[in-house]
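Trainee: here is my input, please return the structure:
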Amino acid sequence: MSKNFLFKSWIPLLVLALALPLAACFRQAQLKNLVDQPVAGSRNQTLTSAQVKKVILDACQKRGWVARELSPGRISATLDNRSHRAQIEITFNGSRYSILYKDSLNLKYDPSNNTIHNQYNNWVDYLRQDIEIGLARV
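Mentor: Numbering: from 1, shown residues only. As a prediction, the model looks like this:
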């Protein structure tokens, strides 16, 4: 075999070796806190805090978040997914709710850039969708 052939056969491996660390960077995303999301029941009627709390707790349970009420209008929720853990705080009343990041494990949270593994944002968005669906049914 010629030296030229051997050199050319290593080029794809070299490119792959250099691209893998770069690809890991794309798994990071800006952390999304959902602040003051409006609460509206079906037919846009006003809901009570108790109704909103039930919807949030049901959505958490459906998505695998372990939730507990810290105080009126404040829920702490934790999601354990294999070796990853996300902790959020949900504040709410009859007209608004917020989902705020609290802590995580193995999700590469970087407070200096406010970035986190993009899966965290997916988990929070799925939870938000289920909350919205639940609120629309009340």
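Trainee: okay, helices next: where are they in this structure?
Mentor: 3-25, 49-63, 118-137 (DSSP state H).
Trainee: which other residues reach the second one?
Mentor: Counting by Cβ atoms under 8 Å, 6 or more residues apart in numbering, the neighbours of helix 49-63 from elsewhere in the structure are 39, 41, 66-67, 69, 72-73, 75, 77, 79, 90, 92-94, 97, 123, 126-127, 130-131, 133-135, 138. Yep, even glycine has a C-beta here, placed from its N, CA and C like the rest.
Trainee: are any of these buried, and which?
Mentor: Burial by neighbour count, 16 or more other Cβ atoms under 10 Å: within the contacts of helix 49-63 this picks out 39, 41, 67, 75, 77, 79, 90, 92, 94, 97, 123, 127, 130-131, 134-135, 138.
Trainee: where in the chain is pLDDT low?
Mentor: Low-confidence segments of the chain (pLDDT under 70): 1-26.
Trainee: for Gly73, grab phi and psi.
Mentor: phi 80, psi 10 (degrees, to the nearest 10).
Trainee: tell me who's in contact with it.
Mentor: Residues in contact with Gly73 (Cβ under 8 Å, 6+ apart) are 49, 91-93.
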